[in-house]
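A.B. asks: I'd like to go over a predicted model; first the sequence, then the structure.
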Amino acid sequence: MSQAHNRMRTWIANRRDGASLPLVTTPLPGAATVASLMKPLTALALTSILAAPTLAHGGEQGAKPMATHESPSLEEVRSVSPALERYTTGPLLNGVWKRPDLSARDRGLVTVSALIARGQTVEMPYYFKLALDNGVTPAELSETITHLAFYAGWANAMSAVSVAKDVFAARGVEIDQLPSAEPELLRIEPQAEAKRAVSVQENVGPVSQSLVDYTSQLLFHDLWLRPGLTPRDRSLVTVSALVASGQVAQVPFHLNRAMDSGLTRAQASEMLTHLAFYAGWPSVMSSVPVVKGVFDARHP
Amino acid sequence: MSQAHNRMRTWIANRRDGASLPLVTTPLPGAATVASLMKPLTALALTSILAAPTLAHGGEQGAKPMATHESPSLEEVRSVSPALERYTTGPLLNGVWKRPDLSARDRGLVTVSALIARGQTVEMPYYFKLALDNGVTPAELSETITHLAFYAGWANAMSAVSVAKDVFAARGVEIDQLPSAEPELLRIEPQAEAKRAVSVQENVGPVSQSLVDYTSQLLFHDLWLRPGLTPRDRSLVTVSALVASGQVAQVPFHLNRAMDSGLTRAQASEMLTHLAFYAGWPSVMSSVPVVKGVFDARHP
Amino acid sequence: MSQAHNRMRTWIANRRDGASLPLVTTPLPGAATVASLMKPLTALALTSILAAPTLAHGGEQGAKPMATHESPSLEEVRSVSPALERYTTGPLLNGVWKRPDLSARDRGLVTVSALIARGQTVEMPYYFKLALDNGVTPAELSETITHLAFYAGWANAMSAVSVAKDVFAARGVEIDQLPSAEPELLRIEPQAEAKRAVSVQENVGPVSQSLVDYTSQLLFHDLWLRPGLTPRDRSLVTVSALVASGQVAQVPFHLNRAMDSGLTRAQASEMLTHLAFYAGWPSVMSSVPVVKGVFDARHP
């Protein structure tokens, strides 16, 4: 089985008929008409592509009220907007997600980060599962949520917990599959860290020394050194969250860090295209000049 | 029945006693005291003005967990803040919504756009119904949701779907009342489009050519040409979402486009006043200098 | 009982074993290791610290669908991320919340404001209760929600209502404990108000006179004069919401107003540190230069 096949094998998490989808890596629609992007899947696939599995919520919640963590099914989307169903199954799920330059696994990480940063709980169940089905491990999803507590706010992470707990329970994810609370940390890069620390001290120190200290101790000497995500993935998660929540001021530092850790320019570029759909065109367009500045400074 | 009456006839969607409300078009409170804005409605109207209809959720959802798509009733608002109930029924619903310069129908469209852009699902049931009751058609609400998938992010649109499906089901809206997935498109304006394309190519091309291409093919050669909303309404929806989500950088392009398509300066101005309540004063105040720039450039 | 004890006495709202927690006022971790911050609580406290009381939802909702207003318990957090549980119970709840310079009561107000401004309903039940348990009165929580209708948008306030109504009901809060809809207003400061009015007229008048008029009449001659919050607290709520929602443009006016009303520089500084956790590092870092400008202008 090719690696590409492997990446795509569980493209659609909840298909019930077991048939595999064609593994078309859809190129960017050049002169092609948009209509050609929307190759119809089978009717069964259409109605199940977004459907949450019926087993997601078992009796394990006892007397607590049932959570309503169900993303709308494609059938429900169609009952409100046939056009939105078309855009979803065609250009988005069967187009953007299969484009080269960014793997479906990375797209899962980017999408999940955008949803958490934007507090979009309704779509979390579907995309948490889609990310897991495309190669993001439960440990990586766990660590992404932890990371975004600091970069998107504690409540955003807790909202993600309220969804992920059910997804993990339904898939039998046990605590020993998750990153440890206190793992052996990665080695810090002394030069980069010294430069960062000086800059934050100068800019933030006069306003809040405790914010400077927490930034060093909790973030850069702890969170960022956790091995649960590779440095490249941790930075990809961070940049995705920054763009998705309109926080462009921190994009230069974190995008440079991402590219220093191995994110290619083609991947960063494709990340923006992907985020246009999940954070909306305006958020991404507002980040373009800032990203251009980073690209230009690295390769003038 | 006068048109004004018609617009207002179902002002309060869920009143149970069938009595009509006085059709006062409240002018801006000049020297009037604020207290005078808050003409008490009948007690019955007060308790039912925000109440969701008890029939909203039928047995049609089968074994799925019941959605809890209920906006708080006025009685519930009062149980937390009698003042907020007063501001809601007085200055807002019986004041702002009845002001001239922007019809209640347009206010419905503006409000719905703000809620979707801000992901405010709790209030969507009430305002989706209020918009429909004041002249926004189900087709227009459907198309607004589709449009905002691109301008506020896919998950925001899906969250709106999760509410609208119940509202549509309760009102018996059938799929043939909704815009087609692939309708005959409006004619493109070649000159304006050429200018836009050149500008996006120059600014975005060096960062992401695929983003340039999707912007042309999916947005301006497809979405924007769909007949489900008039160009003026589509731009009104876009500008409302931009202001409501703090994306002021794109306001000049889209506000100019809105005014080119027939949105008057008085309507744009009133849209801001309306949005102050639904997006909060700070979002609107931040957009004021940008809107002023557009007004000044059009009529120096 | 010391005042500090009093402030902390109900630190953890929902502990079931009645044991008191050590009243350590944790200083900023200077040379201390991060690990030392995370003194383990007892296992029982750990599992119950975030647990919603089982009595929160009684049979009082009749035939309406049960609301699912439950913040995730610590046990649920651990089932998704043991590290996030560690950061929550250690550095955050047992660290930040006990730091000097900002009382636990003020932190409750700041946190609640951030959650409402960011529409984070999932965490509202836990933090509404935590605020009430640390000295924020039901009247003050009610007034905070009312205030943020104007500063964070109507729907954000209504989402808070949908949670607060259950919290108030479970605690037997009656309407006579809440601020009146039309109380006797505080005296206006004529000089400061005249200056504000001139500035808004100049900047906003050319775009929307009605927005100018509502700003005066509803906000500064009505809402801001309500006695339900002290002017200092009202400004603290406002600034917290502005920082938490990324609206830095209005921070100088409102932070100066807060400090004119008694908020100290140390408290403002500590508010930023606290908000870093609840609004995410990026939002707070983006506000730092603006806050620095205010500090410098007041004490050059």
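C.D. replies: On my side now, so go ahead.
A.B. asks: Low-confidence bits of the stretch 1-150 of chain A, can you list those?
C.D. replies: Within the stretch 1-150 of chain A, the segments meeting pLDDT under 70 span A:1-69.
A.B. asks: That one: helices as residue ranges?
C.D. replies: Secondary structure of the stretch 1-150 of chain A (DSSP state H, counting those that start in this stretch): helices at A:3-8, A:43-48, A:74-80, A:82-87, A:104-117, A:124-133, A:138-152.
A.B. asks: Mind checking these for the one nearest to chain C?
C.D. replies: Each of the helices of the stretch 1-150 of chain A has some distance to chain C by CB to the nearest CB; the shortest is helix A:138-152, at 4.6 Å. Every residue, glycine included, has its C-beta placed from N, CA and C.
A.B. asks: Which of the helices of the stretch 1-150 of chain A sits closest to C:I145?
C.D. replies: helix A:138-152 (23.3 Å; CB to CB).
A.B. asks: what angle do that closest one and helix A:104-117 make?
C.D. replies: 40 degrees (axes from the mean of the first three to the mean of the last three CA atoms, to 10 degrees).
A.B. asks: Check whether helix A:138-152 comes into contact with chain C.
C.D. replies: Yes - residues of helix A:138-152 contacting chain C under CB under 8 Å from any CB of the partner chain: A:S142, A:E143, A:I145, A:T146, A:L148, A:A149, A:F150, A:Y151, A:A152.
A.B. asks: picking up where we left off before, dump the helices of the stretch 1-150 of chain A to TSV, plus mean neighbour count and distance to A:F220.
C.D. replies: Putting the helices of the stretch 1-150 of chain A into TSV (neighbours: other CB atoms under 10 Å in any protein chain shown; distance: least, CB to CB, whole Å) gives the following:
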stretch	mean neighbour count	distance to A:F220
helix A:3-8	14	32
helix A:43-48	16	44
helix A:74-80	23	42
helix A:82-87	24	41
helix A:104-117	27	19
helix A:124-133	24	26
helix A:138-152	26	11
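A.B. asks: Get me the contact residues on the stretch 51-200 of chain A for chain C.
C.D. replies: Applying CB under 8 Å from any CB, we find that the stretch 51-200 of chain A lies next to chain C at A:63-68, A:119, A:121, A:142-143, A:145-146, A:148-162, A:164-165, A:168-169, A:175, A:178-182.
A.B. asks: Restricted to buried residues, select those in ChimeraX.
C.D. replies: For the buried members of those, the matching ChimeraX selection, counting by 16 or more other CB atoms under 10 Å in any protein chain shown, is:
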select /A:65,67,68,119,121,142,143,145,146,148,149,150,151,152,153,154,155,156,157,158,159,160,161,162,164,165,168,169,178,179,181
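A.B. asks: Among the residues of the stretch 51-200 of chain A next to chain C, which lie within strands?
C.D. replies: Of these, none are assigned to strands by DSSP state E.
A.B. asks: re the thing from before, of all the residues of helix A:138-152 next to chain C, which comes closest to B:P227?
C.D. replies: The closest of the residues of helix A:138-152 next to chain C, once distances to B:P227 are taken by CB to CB, is A:A152, at 38.5 Å.
A.B. asks: any idea how far that closest one is from A:R105?
C.D. replies: From A:A152 across to A:R105, the span is 21 Å (CB to CB, to the nearest Å).
A.B. asks: on that earlier part again, tabulate the helices of the stretch 1-150 of chain A (CSV), appending distance to C:N256.
C.D. replies: Compiled in CSV, the helices of the stretch 1-150 of chain A are given as follows (distance: least, CB to CB, whole Å):
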stretch, distance to C:N256
helix A:3-8, 54
helix A:43-48, 57
helix A:74-80, 47
helix A:82-87, 46
helix A:104-117, 31
helix A:124-133, 40
helix A:138-152, 29
